[in-house]
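# Sequence plus predicted model, see below.
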Amino acid sequence: MKVDIVVVYIQRYRRGHAVHFVPPITGIHLAALTPVQHTVRVIHQQVEEVNLDTDADVIALSFFSGFAPEAYRLATEYRKRGKIVIAGGPHVTFAPEEALRFVHSVIVGEAESVWNELLQDIEQKALRQRYIGESQPLANLSTPRYDLLPSKFFVKRVVQATRGCPFNCSFCTVPVLNPGFRTRPVEDVLCDIRYDRFRWWWQRKVVWFWDDNLTVKRDYVKDLLRCMVSLRKWWLTQTSMDIAEDDELLDLMRESGCIGVFFGIESFSKESLEDAGKRQNTVAEYRRRIMKLHDRGICVMAGFISGFDGDTPESIRAMAKELYEIGVDVPFLSILTPYRGTALYANMRGSGRLRQNLGWQFSNGYNVAFAPATMSPADLLRAHRELWRSVFSLRSCLRRVLRALFTLRWGGLMMCITMNVFYGFKAFTKNEPISFEGTDHYKSIHETVGPIKHDRQDAEQSLAPDRDNLRGLWVISRSDDIN
């Protein structure tokens, strides 16, 4: 059979991206799991057109909530053309019945345990509507199909060493989708890192770890980094700020080529951090911990969220000054989003704060899908956009780059310059995040799904359909601000 894996996307900036930094690992990982007797292609809608008249027999759609309307539109068109359509990912895991209005079959949970079975069932004309994936050990996973990536991605080597995160942030789906914490054998990870068949030198040099929190198991990550020293790569990852208390780990990160880390700082408000479940973050320690990364020449990227109950328009705008003062090199700015499957969604649903009759496109991290506690949705959107313009103004970007000249090593400096130019150019050309207020480009999809109403009924039901069987999401599919 011919299988097309489509990683769905809805444009999130007015004119899109001039540069596409890194692909999700989902599509190329699923392609690596596909038996060799099948012909597989991976289409990233972010960078390439989706061919509705493909000769594929099977279409597999991967998406998160913010891209669900486009996934459903594609599914409708593919089914008109007689294709077998499968769907998976975080949104499908928490809304399988909704997805089944548009597709033939869904995967709830991780795909590794059921993908081959699903393909066999299609061949035998015995496809079921629902496949429940179970979490498995991460040993012996094939190297992702980097050869199937389009040329438009700046960095191509995305690697996954671990799955899961021990923290329980209220807005994050990972603790439910990937309970526990699993690691791949170090040698398997090194095999992916050694893959070098890329065109450009930086694609051969850079390793982008697609992990939620790479450094959770200290002994494991230290073993991995010791093995990476001789490979002479540059690498980046997402982690938590507590790594700043482990000098041995920080030294190993430097020696093994770490050029950047991403911290989910989220807020400068103690009340907001408690609301977020970010007990591991201490505002008074932000600057000291970032300085310890800078002492090793490592670029610090950090995420900040607007819209917690403790936020006001004034406190949101004030973050522009605060994030510079603590030393952040590359900020990422999003709006609080109550994704299905999170404690935040359950709480807001239970208190009647989810906005009614909005399409899923509002759940993309740049729009307001709930009623804020201290302001209107319009006030929150306005404050976020003002913060975004201020943080990525020419002056702010230049200040961060000039500081980096004296704090970062060459690789980290390149990262800082590249990302600040990327966002600074967006701000200069007014290529801002899109607001969906007052629009409905997916009206027919919205009407088919039905108005998305959020009532006060047992909010806990939103956390996990098939809770006894749910052990993860379809491979890994997360929404990064750079996409």
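Cool, got the structure. Keep in mind that this is a model prediction, so the values were computed, not measured. Numbers count the residues shown, from 1 in each chain.
# Can you name every helix or strand that the longest helix along the chain contacts?
In the chain, taking DSSP state H as the definition, the longest helix is helix 410-428. In terms of contacts (3 or more Cβ pairs under 8 Å, 6 or more residues apart in numbering; DSSP states H and E), helix 410-428 is packed against strand 258-266, strand 299-306, strand 330-335, helix 394-404. Any C-beta I mention is one placed from the backbone N, CA and C, and that applies to glycine too.
# Adding distance to Val421 and mean pLDDT, write those out as JSON lines.
Below are the helices and strands packed on helix 410-428 laid out as JSON lines (distance: least, Cβ to Cβ, whole Å; pLDDT from 0 to 100):
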{"stretch": "strand 258-266", "distance to Val421": "15", "mean pLDDT": "94"}
{"stretch": "strand 299-306", "distance to Val421": "14", "mean pLDDT": "96"}
{"stretch": "strand 330-335", "distance to Val421": "11", "mean pLDDT": "97"}
{"stretch": "helix 394-404", "distance to Val421": "7", "mean pLDDT": "98"}
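# looking at these, which is closest to Trp360?
Closest of the helices and strands packed on helix 410-428 to Trp360 is strand 330-335, at 14.9 Å (criterion: Cβ to Cβ).
# can you list contacts of that closest one?
The contact list for strand 330-335 (Cβ atoms under 8 Å, 6 or more residues apart in numbering) reads 260, 262, 299-307, 323, 365-368, 380-381, 384, 387-388, 391, 400, 415-416, 419-420, 481-482.
# quick one, it and strand 299-306 angle?
Using axes from the mean of the first three to the mean of the last three Cα atoms, to 10 degrees, the inter-axis angle of strand 330-335 relative to strand 299-306 is 20 degrees.
# Point out where the protein drops to low pLDDT.
For the chain, the stretches flagged by pLDDT under 70 are 276-282, 444, 446-448, 450-483.
# Run through the strands of it in chain order.
Shown for the chain, the strands assigned by DSSP state E span residues 2-7, 39-44, 58-62, 84-88, 105-108, 130-132, 158-159, 162-164, 181-183, 206-209, 234-239, 258-266, 299-306, 330-335.
# Listing partners with orientation, what would you give for the fifth one?
The partner list of strand 105-108 in its sheet, established with DSSP bridges, is strand 84-88 (parallel), strand 130-132 (parallel).
# For the ones you listed, give me TSV that also has mean neighbour count.
TSV is the format used below for the strands paired with strand 105-108 (neighbours: other Cβ atoms under 10 Å):
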stretch	mean neighbour count
strand 84-88	26
strand 130-132	19
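# out of the contacts of strand 330-335, which are buried?
260, 262, 299-307, 323, 365-368, 380-381, 384, 387-388, 391, 400, 415-416, 419-420, 481 (16 or more other Cβ atoms under 10 Å).
# ok, Cys191 - contacts?
Neighbour list for Cys191: Thr143 [criterion: Cβ under 8 Å, 6+ apart].
# and what of Ile5?
When contacts are counted by Cβ under 8 Å, 6+ apart, Ile5 touches 27, 30-31, 40-43, 60, 62.
# go on, Leu249?
215, 218, 221-222, 225, 243.
# and if you look at Phe153?
20-23, 44, 47.
# Identify the farthest-apart pair in these.
Greatest spatial distance in the contacts of Phe153: Phe21 and His44, 12.3 Å, computed using Cβ to Cβ.
# Of these two, give the one with the bigger neighbour count.
Using other Cβ atoms under 10 Å as the criterion, Phe21 and His44 rank with His44 on top: 24 against 15.
# Distance of that one relative to Arg79?
Distance of His44 to Arg79, given as Cβ to Cβ, to the nearest Å: 22 Å.
# Need the strands of the chain in TSV (columns: distance to Val189).
Shown next, in TSV, are those (distance: least, Cβ to Cβ, whole Å):
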stretch	distance to Val189
strand 2-7	22
strand 39-44	21
strand 58-62	23
strand 84-88	24
strand 105-108	25
strand 130-132	27
strand 158-159	6
strand 162-164	9
strand 181-183	9
strand 206-209	9
strand 234-239	11
strand 258-266	15
strand 299-306	22
strand 330-335	25
